[in-house]
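Everything below, folded, please.
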Amino acid sequence: MKRILLIVGGGIAAYKACELVRLCRKTGMAVTCVLTDGGAHFVTPMTLAALSENKVYTTLWDLKDEAEMGHIQLSRQADLIVVAPATADLIARMAGGHADDLATTLLLATDTPVLAAPAMNVRMWQHAATARNVATLRGDGITVMEPDEGAMACGEFGPGRLPEPEAIFAAIERHFAGTGPLSGKHVLVTAGPTHEPIDPVRYIANRSSGKQGFAIAAALAEAGARVTLVAGPVALPTPSGVTRIDVETARAMADAVAAALPADAAIMVAAVADWHVAAAAQKLKKGDAPPALALTPNPDILAGLAANQQRPRLLVGFAAETERVVEHATAKRTRKGADWIVANDVSGDVMGGDRNTVHLVTATGVEDWEPLPKADVARRLVQRIAVALAD
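Numbering: from 1, shown residues only. Predicted coordinates:
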């Protein structure tokens, strides 16, 4: 029987912890809850005790429990510690190594894996301090999920919502599965377009929606991989279990990709702009003639990875073409130094659509795949990646 220690932080989303307990118990997991002072303002110990069928712990100062060093036992007996909701304050105290209540004390006293599901106001989530704290936790080996995006109790809209209990439970199951074909592998994915500013209100871009790249990131996570997704400006939710890094320009994407290395595989799906311009500080005004834009090449991310000393074992590029698709993709594979190229014809509604027809170009030949939903393209590609990395 798998044992979960659930720390319930103080946020309006604490009520979702009740459903998470129910999901875990339904599959036979044992759940012990630690309710913070803040969490107790939203759910009661009695509710969590009834759902978990276990005692709920609320204080570091219980004489009986602490006479037996209860916080040490709690932290050591669990197979996984889940923090949900992980508020901005709780994340900050975890990152700072605080031990001023039961929750933070047992987190500091444990070597058990920790999964944190954030929940906070969008501005809190996007604040530089929270970004630093999350980066610290991830660097310490703690799995921090991406929050959901949507309407919040405070009336604002954006990233910061607690992931749904089903998504948190899926992350718990992935942790315990450990048998996925890509378990233990780190895979880097880029997705979406890049935006290259011309002035404060205009930019050079393309029609990429990011759907195929996000579908691949999701399929990789389902296969057990640790996934880093470097995303251009797209309005898509972060797949469960995926670490997302948002960028705008090709140069920022290149920097993020380099910082994410080493990786076992890199899947470069993003439609990266080939050029950028020296952006004007103020909006360009309409004149008698259009402005002259001096284009400068952007970094070649795929070729750069191929030449990197930390080159991933498997390097996959994408080629969006409008003519002679396989011919251009074959030449691109050689020119860029990639292992595979996934090519598709984007002259129709592929960019932004939900289906794709691709050709997988490798050193041994070309595979022509029938038209498929992008999620199915992703799963088929991930199956091929798992086989390649297993060899």
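
Now do the helices in the stretch 101-250 of the chain.
In the stretch 101-250 of the chain, the segments counted as helices under DSSP state H, counting those that start in this stretch are 102-108, 122-126, 128-139, 165-177, 211-222, 250-260.

Deepest-packed of those helices, please.
Of the helices of the stretch 101-250 of the chain, the one with the most neighbours on average (mean count of other C-beta atoms under 10 Å) is helix 211-222, at a mean of 27. Where C-beta positions appear, they are placed from N, C-alpha and C, glycine not excepted.

Residue 12: how many residues sit nearby?
Residues near residue 12, counting by other C-beta atoms under 10 Å, number 14.

For it, give me its contacts.
Going by C-beta atoms under 8 Å, 6 or more residues apart in numbering, residue 12 touches 42, 153.

Any figure for the gap between it and residue 200?
Taking C-beta to C-beta, to the nearest Å as the measure, residue 12 falls 37 Å from residue 200.

and if you look at residue 383?
45 Å.

Output the below-cut-off pLDDT ranges for the stretch 251-391 of the chain.
Scanning the stretch 251-391 of the chain for pLDDT under 70 picks out 288, 348-352.

in it, which spans are helices?
For the stretch 251-391 of the chain, the helices defined by DSSP H, counting those that start in this stretch cover 301-307, 325-336, 374-390.

Outside of stretch 311-330 itself, which residues are in contact with it?
Here stretch 311-330 makes contact (C-beta under 8 Å, 6+ apart) with 188, 208, 212, 261-271, 302, 305-306, 332-333, 336-347, 350-351, 359, 361, 366, 381, 385, 388-389.

Can I get the buried part of those residues as one ChimeraX selection?
Remark: buried members of the contacts of stretch 311-330, expressed as a ChimeraX selection using 16 or more other C-beta atoms under 10 Å:
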select :188,208,212,261,263,264,265,266,267,268,269,270,271,302,305,306,332,333,336,338,339,340,341,342,343,344,345,346,350,351,359,361,381,385,388,389
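
Cross the contacts of stretch 311-330 against strands and list the overlap.
188, 265-268, 340-345, 359, 361, 366 (DSSP state E).

can you name the two of those that are farthest apart?
Pairwise distances across the ones in strands among the contacts of stretch 311-330 (C-beta to C-beta) peak at 25.9 Å, for the pair 188 and 345.

picking up where we left off before, dump the helices of the stretch 101-250 of the chain into JSON lines; add distance to residue 158 as well.
Converted to JSON lines, the helices of the stretch 101-250 of the chain look like this (distance: least, C-beta to C-beta, whole Å):
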{"stretch": "helix 102-108", "distance to residue 158": "26"}
{"stretch": "helix 122-126", "distance to residue 158": "3"}
{"stretch": "helix 128-139", "distance to residue 158": "13"}
{"stretch": "helix 165-177", "distance to residue 158": "18"}
{"stretch": "helix 211-222", "distance to residue 158": "18"}
{"stretch": "helix 250-260", "distance to residue 158": "20"}
